[in-house]
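> the sequence and its predicted three-dimensional model are supplied below.
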Amino acid sequence: MSDTLQIPRHFRTARLEMQKSRRRIKLGAVIVRGGNIIGRGKNDAGGRSTLKGIYGSRSTHAEVAAVMSVKDPKNLRGTCIYVYREANRLPANARPCQACREFLQAHGIRKMYYTCESGFAVVSL
Ligand SMILES: [Zn+2]
């Protein structure tokens, strides 16, 4: 992320979440509804997720952990997710895998923001 680029503030919280991950490749995610963070998660080993993805099938992806942290699934409708990853202290590609995309879509999440080498990307679901 260049210094001149405006970093959406929710990425900062997603980054804090990422720092809690014990995985070698660390990711953090937050779910935002009406400007407020209603869910957060980090990638982790094992867990309830059986989703197969680019970060390994025997793990819980940060996106899934964030969705699962929201108690009432109704609150997920129309929300945005922010996914953060870093490599060598710089933003790195955090593009959600296909399984996560479908999972997010199925829960009514409308838009995803994720870091990439050039800063961040936004994709409507
Ligand atoms: Zn995934």
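Arrived safely, thanks for sending.

> what's the helix or strand where V32 lies in contact with?
Assigned by DSSP states H and E, V32 belongs to strand 27-33. If you take CB atoms under 8 Å, 6 or more residues apart in numbering as the criterion, strand 27-33 is touched by 10, 13-21, 37-43, 55, 61-63, 65-67, 69-70, 75-76, 78-85, 94, 109. (Each C-beta comes from the backbone N, C-alpha and C, glycine too.)

> surely A92 meets G119?
No: A92 lies out of contact with G119 (CB atoms under 8 Å); the separation is 11.1 Å.

> who does Y82 form a beta bridge with?
Taking DSSP bridges as the rule, Y82 bridges to V30, Y113.

> ok, it - how many residues close by?
30 (other CB atoms under 10 Å).

> shouldn't it be in contact with I7?
No: between Y82 and I7 there is no contact under CB under 8 Å: 10.4 Å.

> shaky segments in the chain?
Applying pLDDT under 70 to the chain picks out residues 1-6, 46-58.

> the helices in it, which residues?
Here the chain has its helices, by DSSP state H, at 10-18, 62-68, 98-106.

> rewinding a little: which members of the contacts of strand 27-33 additionally contact the ion?
Filtering the contacts of strand 27-33 for proximity to the ion by CB under 5 Å from the ion leaves H61.

> could you write me a PyMOL select line covering just the buried ones among the contacts of strand 27-33?
Those of those that count as buried under 16 or more other CB atoms under 10 Å are selected in PyMOL with:
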select buried, resi 10+13+14+15+17+18+21+37+38+39+40+41+42+43+55+61+62+63+65+66+67+70+76+79+80+81+82+83+84+85+94+109
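
> what's the separation between V122 and the ion?
17 Å (CB to the ion, to the nearest Å).

> and for that residue, the neighbour number?
Per other CB under 10 Å, the neighbour tally for V122 reads 11.

> and it, what does it touch?
By CB under 8 Å, 6+ apart, V122 lies in contact with K111, M112, Y113.

> isn't the second one up against F103?
This points to M112. No: applying CB under 8 Å, one finds M112 not in contact with F103, separated by 11.2 Å.

> which one's more surrounded, the two?
M112 (23 against 20).

> show me what contacts the nearest residue to P96 once chain neighbours are set aside?
Spatially, and ignoring its direct neighbours in sequence, P96 is nearest to E63 (5.3 Å; CB to CB, 6 or more residues apart in numbering). For E63, the residues meeting the contact criterion (CB under 8 Å, 6+ apart) are A29, G41, I81, V83, P96, C100, F103, L104.
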